[in-house]
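*Asks:* Provided below are the primary sequence and the corresponding predicted coordinates.
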Amino acid sequence: MSICPSCSQENPDIARFCLRCGTALATAAHREERRVVSVLFVDIVGFTSRSEQLDPEDVRAFLKPYYEHVRREIEARGGRIEKFVGDAVLGIFGAPIAHGDDAERAVRTALAIRDSLGEMNVVDRELDLQARLAVNTGEVIVDLDARPEAGDSMVVGDVVNTAARLQSAAPANGVLVGRETYAATRTAVDYEPAPPVIAKGKAAPVAAWLAVAADAPAGQRTLSEAPLVGRARELDVLSRLWAQACEERRPHLVTVIGPAGIGKSRLAEEFAHFVQREGGRPLRGRSAPYGDSSAYGAFAQHIKQVAEIFDNESADAVREKLRRVTDCDDELRDNLALFLGFETEREVDREGLFFAARQFVEQTARKQPTMLVFEDIHWADTSLLDLIEVLSSRTEDVRLLIVVLTRPELFADRPAWGGGLLSATALSLEPLGAGEALELATQLLARGAGEYAAHLAATAEGNPFFIEELAAVVAERGSTEAAQDLPTTIRSILEARLDALEPDERAVLLDASVAGKVFWRGLIEKLQNRSVGIGELLGALEARGLIRREAVSRIQGEQQYSFKHGLIRQVAYASVPRARRRERHAEVARFLEEATTETGVSAAILAYHWNEAADVDRAVAYFTAAADHAGRGWAKERAVELYNEAFRLLPEGDARRRTLGAKRAVAFQALYHVPDAASLARRAEQ
């Protein structure tokens, strides 16, 4: 069967177009990728012995509500059921779509299942459900076209087997997690240390932690305690807009835009302190990525802060507090109660509901200058986005600044956001400059690892969150080598960004990643085996800020592109399975052989690609040619490195090892005498 990439319709293999929507299926080949996923195992305690005493129909009646409940919890947080085996359930987070926080979603799901099984036991005392749960995170091969409902396996890798071992070792009603899961979630979940697990087939015990409870709302990350670095300009812009809104008594909408980890929440937090010092009142509300059934959840949080309402208060207590802040206006009180999720006897249309929100905001801002912060509106319901624009355009004669924080994904669904408002500003947060990134890295590594700051800052490419995560790895393990493999938190965020691409855009980006930091349109056409539409796809990737077309090309007549961020290229390349990498490296090498002149530089590049393509003979020939060229140019150290690469590839007994060994020895001797030769040359000039 062939799965349509547009509508997921199953089609027979002979179909060239989707039977449902008509999309061409010619390019819908079987797709596999390497990905970081989090695996959740759930298993009922004592089920085998209990089922022996039951009739098969009773077993089914026992398992059905359990299955439905576990499925509901997994799917509610963006996970996917991989399979049911007896009473065990295997769930996958991060495939086929990554969300950027899949490890956290998996642990929160495990905790929710643990807690809700107890609630099910209270409702039906005959159930007595107890479970062992485990979450493990790591790299797997993902079959993106698998159909678990048809028995296909979606993921394959050791991470699945290790998760099963952790689950077997978990205590009853306990959630055990592995090292990568713990590292990715320790700022959002409380843990207790657990004894290492002696797992069958593992050379060493598996480190484990016991999850206790989530200590922050979904989607909320603990802000850094390090001083804010490199945002003086943005704070100045916000402070001037605050002054303008207060002086003119005219609301202003500010949209702060930036990718995950760039520091939007930290900037808002710092500016909130400024507003308080200026006598204003900041109110903050956040849209959750999952688990929030309210369309207006972020605005409801504003109402609760003003009225001092707690989540566990009764309906009567809430209405009494709303009555106080609405000056005994019963209609306004009832409409605000609707925002909080309470039922009322009054019928209200959308316009009336939005008018009530406007009344509430105007009353609040008249008493005290107010800043409304809406965080993560890229996750917001369309109704909330409409409400924010209404408040920005219709609220009058009050000192009000509305600040919304969003990732660029918002504009894919809402391209005209804020465009029609008379008083609106878009503030884009760019990566920190080199000096600012170094300053932040130095501060984070001040306790004994400051010598790694420059390497760390360069690797993170100015993203403050990435700097913090890499700094945590370096501080924990004591070397920059530990940060060569990206932490799961960083890779997951970037994988989620790649998953936001259209399938054809993603395919082009993954092929380009094999070429390296720089690539050419002709190469992409060759790798994609087509020329029609490639220009549009490259343009779309450039518009998304992933690549850029360069003004000058190293190959005459070719359009040259480069990745804007090395980490994006690194994660895209890591997603390509090894077999496909080898095929693509060979294609890149053939393209460069045809398109470039034979030089030492091109020989070194071709040697790299043929080596990655597992073509030893071609790789050795090009490594040798590049080494010969480097030696003639008195780059003796480079020559030794290249000869070593060629020598390493040849098996014992290969006749070429003798010739290469002699060349390497000569180059090494020349390298040894280069300083003496330079010293003699300087003396001759004096």
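*Replies:* Sure thing, it's come through. Numbers count the residues shown, from 1 in each chain.
*Asks:* Please count neighbours and contacts with C-alpha atoms only from this point.
*Replies:* Noted.
*Asks:* SS state for Gln220?
*Replies:* coil (DSSP: H, G, I helix; E, B strand; the rest coil).
*Asks:* Spit out the contact partners of the nearest residue to Ala194 once chain neighbours are set aside.
*Replies:* Distances taken as C-alpha to C-alpha, 6 or more residues apart in numbering put Trp209 closest to Ala194, at 4.8 Å, once the chain neighbours are dropped. Residues near Trp209 by C-alpha atoms under 8 Å, 6 or more residues apart in numbering: 176-179, 182, 191-195.
*Asks:* quick check, Trp209 in a strand?
*Replies:* Yes - looking at Trp209 with three-state DSSP, it is inside a strand.
*Asks:* out of the contacts of Trp209, which are inside helices?
*Replies:* Using DSSP state H, the subset of these located in helices is 179, 182.
*Asks:* Closest to Arg554 out of the contacts of Trp209?
*Replies:* The closest of the contacts of Trp209 to Arg554 turns out to be Arg179 (C-alpha to C-alpha; 44.7 Å).
*Asks:* OK, contacts around the closest one?
*Replies:* 136-137, 207-209.
*Asks:* Pro408 and Gly433: what is the separation?
*Replies:* Using C-alpha to C-alpha, to the nearest Å, one gets 20 Å for the distance from Pro408 to Gly433.
*Asks:* same check, this time on Ile493
*Replies:* From Ile493 to Gly433 the distance is 21 Å (C-alpha to C-alpha).
*Asks:* for Pro217, same thing?
*Replies:* In terms of C-alpha to C-alpha, Pro217 sits 32 Å off from Gly433.
*Asks:* Over to Met120?
*Replies:* 53 Å.
*Asks:* So which of these two has more stuff around it?
*Replies:* Neighbour count, other C-alpha atoms under 10 Å: between Met120 and Gly433, Met120 has more, with 17 against 14.
*Asks:* so which helix or strand takes in the more buried one?
*Replies:* helix 102-123 (DSSP states H and E).
*Asks:* Just checking the distance from that helix to the centre of its chain.
*Replies:* 24 Å (C-alpha atoms, centre = their mean, to the nearest Å).
*Asks:* For that helix, which outside residues touch it?
*Replies:* Under the criterion C-alpha under 8 Å, 6+ apart, residues 37-40, 42, 70, 73-74, 77-79, 92-94, 127-131, 133-135, 137, 173-175, 181, 184-185, 188, 211-214, 492 lie in contact with helix 102-123.
*Asks:* Helices of the stretch 151-300 of the chain, start to end?
*Replies:* With DSSP state H, counting those that start in this stretch as the criterion, the stretch 151-300 of the chain has helices at 158-169, 179-185, 232-248, 264-277, 297-307.
*Asks:* now swap in the stretch 501-650 of the chain and tell me
*Replies:* Counting by DSSP H, counting those that start in this stretch, the helices of the stretch 501-650 of the chain are 503-515, 521-528, 534-543, 566-574, 578-595, 600-612, 616-632, 636-649.
*Asks:* nearest to Ala475, of those helices?
*Replies:* The closest of the helices of the stretch 501-650 of the chain to Ala475 is helix 566-574. By C-alpha to C-alpha, the value is 20.8 Å.
*Asks:* and that closest one, what's its mean pLDDT?
*Replies:* Per-residue pLDDT values over helix 566-574 give a mean of 94.
*Asks:* can you check stretch 488-496 too?
*Replies:* Throughout stretch 488-496, pLDDT has a mean value of 92.
*Asks:* Same check on stretch 306-319?
*Replies:* On average, stretch 306-319 scores 91.
*Asks:* same thing with stretch 175-194?
*Replies:* Here the average pLDDT along stretch 175-194 is 95.
*Asks:* start to end distance for that stretch?
*Replies:* Start and end residues of stretch 175-194 are separated by 11 Å (C-alpha to C-alpha).
*Asks:* Which positions in it come out as buried?
*Replies:* 175-178, 180-185, 187-191 (16 or more other C-alpha atoms under 10 Å).
*Asks:* Just give me how far it sits from the chain centre.
*Replies:* Put simply, stretch 175-194 sits 18 Å off its chain's centre (C-alpha atoms, centre = their mean).
*Asks:* before we move on, the earlier item: of the contacts of Arg179, just the buried ones, ChimeraX syntax please.
*Replies:* A single ChimeraX command is used to select the members of the contacts of Arg179 judged buried by 16+ other C-alpha under 10 Å:
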select :136,137,207,208,209
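*Asks:* Including pLDDT and distance to Leu332, could the contacts of Arg179 go into CSV?
*Replies:* Formatted as CSV, the contacts of Arg179 follow (pLDDT from 0 to 100; distance: C-alpha to C-alpha, whole Å):
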residue, pLDDT, distance to Leu332
Asn136, 97, 49
Thr137, 97, 48
Ala207, 94, 55
Ala208, 96, 52
Trp209, 97, 49
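*Asks:* ok so, going back, can I get the helices of the stretch 151-300 of the chain in TSV including distance to Gly352?
*Replies:* As requested, the helices of the stretch 151-300 of the chain are exported to TSV (distance: least, C-alpha to C-alpha, whole Å):
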stretch	distance to Gly352
helix 158-169	52
helix 179-185	42
helix 232-248	26
helix 264-277	31
helix 297-307	16
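*Asks:* and which of the buried residues of stretch 175-194 is nearest to Gly539?
*Replies:* Set against Gly539, the nearest of the buried residues of stretch 175-194 by C-alpha to C-alpha is Ala184 (34.1 Å).
*Asks:* coming back round to it: list buried residues within the contacts of helix 102-123.
*Replies:* 37-40, 42, 70, 73-74, 77-79, 92-94, 129-131, 133-135, 137, 173-175, 181, 184-185, 188, 211, 213-214, 492.
*Asks:* Which of those fall in strands?
*Replies:* Taking DSSP state E as the definition of strands, the buried ones among the contacts of helix 102-123 contribute 37-40, 42, 92-93, 131, 133-135, 137, 174-175, 211, 213-214.
*Asks:* Quick check: phi and psi at Gly352.
*Replies:* phi -70, psi -40 (degrees, to the nearest 10).
*Asks:* Distance-wise, check the residue most central in space within the chain relative to Ala184.
*Replies:* The residue lying closest to the centre of the chain (C-alpha atoms, centre = their mean) is Ile493, at 1.2 Å. Remark: distance between Ile493 and Ala184 (C-alpha to C-alpha) = 11 Å.
*Asks:* So Trp373 belongs to a strand, correct?
*Replies:* No Trp there; residue 373 is Val. Yes - counting by three-state DSSP, Val373 is part of a strand.
*Asks:* Quick check: beta-bridge partners of it?
*Replies:* For Val373, the beta-bridge partners are Arg284, Val403 (DSSP bridges).
*Asks:* OK, contacts around it?
*Replies:* Per C-alpha under 8 Å, 6+ apart, neighbours of Val373: 268, 282-285, 402-405.
*Asks:* Could you identify the most distant pair in those?
*Replies:* Top of the distance list for the contacts of Val373 (C-alpha to C-alpha): Pro282 and Leu405, 14.3 Å.
*Asks:* Skipping adjacent residues, who's closest to Leu421 in space?
*Replies:* Closest residue to Leu421 apart from its sequence neighbours, by C-alpha to C-alpha, 6+ apart: Ser393 at 6.3 Å.
*Asks:* pretty sure the one you found is in contact with Gly418, am I right?
*Replies:* No - using C-alpha atoms under 8 Å, Ser393 is not in contact with Gly418, being 9.6 Å away.
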